[in-house]
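Asker: When you get a sec, could you give me coordinates for this:
(one chain, ligands or ions: 1)
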Amino acid sequence: MRIDIISIFPEYLGALDISLIGKARRDGLLDIGVHDLRDFTHDRHRTVDDTPFGGGAGMVMKPQPWKEALDSLVGRADSGRPRLIVPGPSGRRFDQQLARELAQEPWLAFACGRYEGIDERVYEYAAGTLGLTVDVVSLGDYVLNGGEVAVLAMVEAIGRLVPGVVGNPESLVEESHEDGLLEYPVYTKPAVWDDGTVVREVPPVLLSGNHAAIAQWRHEQRVRRTAERRPDLVHPSLTGVDLDDLDVRAATPADVPELLVLTRACWLEEVAEVAPRWRGPNESLAEHTAALTEWQTWVVRSHGRLIASVRARRKPGEPHRWWIARLMVAPDQQGTGLGRALLAHAEAQAPADITEFWLNTGRWRAANQRMYKKAGYRLLPGSSEVHEVAVDLVKPRR
Ligand code: ADE
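Answerer: This next block holds a predicted model:
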């Protein structure tokens, strides 16, 4: 496979000489060329950027050096054309499926933008005049300073799928994301290890020599880990929740009016069912908005509609406790497993030093309490005496 990378920091891509990708280059499996965009400038300062038309912050990469750099790649080709990938936060998400697709290509070219991006006419030129397939591809929903780090990640993910690059092809099969589940936990010797405070043992099943039991245990671990850390990946057949059409994201002030509606809908049910004497919180829009700064809040949308939410935070003076609250599912969506999936999401967002999850829930809502129990929560001793309408539940973090 041939890969060309154009960048103003060719030295950044030196990491491609190391480890498995470096070896694959030396073995002739990957033919990687790194090109300095400034070699295609003609002024004394080797200028690659200029101010944006229409104003605004930052600089934009000029079209001419990019044209000449792309021409030099395509012109040199004896056969075929590269598929052009431009890393950028506004692109299509890079994932294992796209890595597999790109690993089938005989030739890829990466154009690393910097600053505020590349003049849009370069994309038109590459697709229109040169006839290249052009994809803008993003590593994730965050902004890097330029495309180089993204190219390192993508070339590694793609390169290792090229036959021969990874010595033992079996290790490709069992990995996270290959079949939509995350990897199971792994252990090595010693079987009993003293970390200085606690003696920690490898799960006994792994020492049993029973391969069917080991395979079963590993599969269960993968399903559990995926549900906890990436509920968005969990397939409906494994949990009963159809998360396919759902969109879980951090709440913003724009979500507040719908959050208020959801809260009232849920509290109405709660109040009517269990505590007719109690009016429940009658919070205002302003109070809901303020809560967004105190709590991390996530909302779930299905086909655009806000159908569920949850929030979590550390409370002052309780550094290792992750309080999960206001787990709410719209009345018509209850019983679908969505609450459980969202609870797992809130747990997975806890910082690394959190050791236990706490939540407070309506005392009479038996269905909710069953769900929390299944999810590993236990009633805090004495809790039922403290609250009139709610109980505290606790679950240690595994
Ligand atoms: N360049 C800047 N941010 C990026 C991102 N998130 N993914 C890929 N390339 C980028």
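Asker: Pretty sure residue 102 sits in a strand.
Answerer: No: Residue 102: not assigned to a strand; according to DSSP: H, G, I helix; E, B strand; the rest coil it is helix.
Asker: How about it, nearest residue that isn't a chain neighbour?
Answerer: Setting aside the residues directly before and after it, residue 102 is nearest to residue 158 in space (Cβ to Cβ, 6 or more residues apart in numbering), at 4.9 Å. In this view, the C-beta of every residue, glycine as well, is placed from N, C-alpha and C.
Asker: Give me the neighbour count for residue 68.
Answerer: Neighbour count of residue 68, defined by other Cβ atoms under 10 Å: 15.
Asker: Model confidence for the residue lying closest to it once chain neighbours are set aside, exactly?
Answerer: Excluding the flanking residues, the one nearest residue 68 by Cβ to Cβ, 6+ apart is residue 40, at 3.9 Å. Note on residue 40: pLDDT of 98.
Asker: can you check residue 336 too?
Answerer: The model's pLDDT for residue 336 equals 79.
Asker: In three-state terms, label the residue nearest to residue 102 for me.
Answerer: helix.
Asker: Now do the same for it: its pLDDT.
Answerer: So, for residue 158, pLDDT stands at 97.
Asker: didn't it look like it was pressed against residue 97?
Answerer: No: counting by Cβ atoms under 8 Å, residue 158 stays clear of residue 97, with 11.8 Å between them.
Asker: Show me which of the two is the more surrounded one.
Answerer: residue 158 (25 against 11).
Asker: what's the following helix or strand after the helix or strand hosting residue 289?
Answerer: Using DSSP states H and E, residue 289 falls within helix 285-294. For helix 285-294, the succeeding helix or strand toward the C-terminus, using DSSP H and E, is strand 296-302.
Asker: which element follows that following strand toward the C-terminus?
Answerer: With secondary structure assigned by DSSP H and E, strand 296-302 is succeeded by strand 305-313.
Asker: From the contact counts, what lies against that following strand?
Answerer: helix 256-274, strand 296-302, strand 321-329, helix 338-348 (3 or more Cβ pairs under 8 Å, 6 or more residues apart in numbering; DSSP states H and E).
Asker: Turn the ones you listed into a markdown table, columns for distance to the ligand.
Answerer: Compiled in a markdown table, those are given as follows (distance: least, Cβ to the nearest ligand atom, whole Å):
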| stretch | distance to the ligand |
| --- | --- |
| helix 256-274 | 28 |
| strand 296-302 | 21 |
| strand 321-329 | 28 |
| helix 338-348 | 21 |
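Asker: Can I get these in a markdown table including mean neighbour count and distance to residue 48?
Answerer: Listed next are the helices and strands packed on strand 305-313 as a markdown table, based on neighbours: other Cβ atoms under 10 Å; distance: least, Cβ to Cβ, whole Å:
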| stretch | mean neighbour count | distance to residue 48 |
| --- | --- | --- |
| helix 256-274 | 16 | 44 |
| strand 296-302 | 20 | 40 |
| strand 321-329 | 22 | 47 |
| helix 338-348 | 22 | 41 |
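Asker: among these, which is nearest residue 168?
Answerer: helix 338-348 (30.5 Å; Cβ to Cβ).
Asker: okay, the angle between that closest one and strand 305-313?
Answerer: Counting by axes from the mean of the first three to the mean of the last three Cα atoms, to 10 degrees, helix 338-348 lies at 40 degrees to strand 305-313.
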